[in-house]
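K.L.:
Just to be clear, the model below is a prediction. Sequence and coordinates:
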Amino acid sequence: MAKRGRKRIEIDWKEFEALCAMQATLREIALFFDCCEDTIQNAVKRHYKANFSVVFAQKRLRGIGYPLYSSAFGN
């Protein structure tokens, strides 16, 4: 029996995490991967077993803290 529906898009999770660290919005992330926002939310739920907002908040912290640390200590 053949599978139904569209083929799932491939998401590079390192790029996804980098976009979250840059505080890109869900819409901007969807545009980057050339898909709709629902597709991103569903893929995040499958990959991380958590909602987009939870994952985004965790990954966003990497983008906030490091620039402050590096500017303070000159790294």
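P.N.:
That came through, no problem.

K.L.:
CA atoms for contacts and neighbours, from now on please.
P.N.:
OK.

K.L.:
Helix, strand or coil: sort out the residue nearest in space to the middle of the chain for me.
P.N.:
What sits nearest the mean C-alpha location of the chain, by Cα atoms, centre = their mean, is Phe16, with 3.5 Å. Secondary structure for Phe16, judged by DSSP: H, G, I helix; E, B strand; the rest coil, is helix.

K.L.:
Now it. Nearest residue, chain neighbours left out?
P.N.:
Excluding the flanking residues, the one nearest Phe16 by Cα to Cα, 6 or more residues apart in numbering is Ile29, at 7.3 Å.

K.L.:
host element of that neighbour?
P.N.:
Using DSSP states H and E, Ile29 sits in helix 26-32.

K.L.:
Show me what that helix packs onto, helices and strands only.
P.N.:
Secondary-structure packing of helix 26-32 (3 or more Cα pairs under 8 Å, 6 or more residues apart in numbering; DSSP states H and E): helix 37-48.

K.L.:
any idea how far the residue nearest to Phe16 is from Arg4?
P.N.:
In this view, Ile29 and Arg4 are 26 Å apart by Cα to Cα, to the nearest Å.

K.L.:
Compare neighbour counts for the two and give me the winner.
P.N.:
Set side by side, Ile29 and Arg4 show more neighbours around Ile29, with 19 against 6, by other Cα atoms under 10 Å.

K.L.:
quick one: contacts for the more buried one?
P.N.:
Residues near Ile29 by Cα atoms under 8 Å, 6 or more residues apart in numbering: Phe16, Leu19, Glu37, Ile40.
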